[in-house]
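*Asks:* Predicted model, plus sequence, below.
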Amino acid sequence: MTDQTSNGIPAPKQTSLEYRFYFAVIFLISMPWELVSWMLGLASPDSEDNERGFLARAWRRAAIITPTIFSA
């Protein structure tokens, strides 16, 4: 009989409530700044970031800043 306790697939990473809270706060704070930046960037159509929109940019910013806070 084979061992069914470990199948080599890593368990999904659990995020703490504190991490989610910080992520949400940083996301909400960065939304207005990214909206302004996105609107100013619409004037230059060659930018790739303009295709994603300001919500994706704010999400990416929060995804960069939050782990930095927790790694300190």
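*Replies:* Cool, got the structure.
*Asks:* From residue 16, how far off is residue 66?
*Replies:* Using C-beta to C-beta, to the nearest Å, we find residue 66 at a distance of 11 Å from residue 16. For every residue, glycine as well, the C-beta is placed using N, CA and C.
*Asks:* low-scoring stretches of the protein, by residue?
*Replies:* 1-13, 45-50 (pLDDT under 70).
*Asks:* Pick out the residue nearest the middle of it.
*Replies:* In the chain, the centroid-proximal residue (C-alpha atoms, centre = their mean) is residue 63; its distance is 2.9 Å.
*Asks:* Please name the nearest non-neighbouring residue to that residue.
*Replies:* Computed as C-beta to C-beta, 6 or more residues apart in numbering, the closest residue to residue 63 that is not its neighbour in sequence is residue 23, at 7.6 Å.
*Asks:* separation between residue 61 and residue 15?
*Replies:* Counting by C-beta to C-beta, the gap from residue 61 to residue 15 is 17 Å.
*Asks:* I should have written residue 58 there, sorry.
*Replies:* Residue 58 is 18 Å from residue 15, by C-beta to C-beta.
*Asks:* ok, these two, which is more surrounded?
*Replies:* Using other C-beta atoms under 10 Å as the criterion, residue 58 and residue 15 rank with residue 58 on top: 22 against 11.
*Asks:* helices or strands up against the helix or strand containing that one?
*Replies:* Per DSSP states H and E: residue 58 is located in helix 54-71. Applying 3 or more C-beta pairs under 8 Å, 6 or more residues apart in numbering; DSSP states H and E, we find helix 54-71 packed against helix 17-41.
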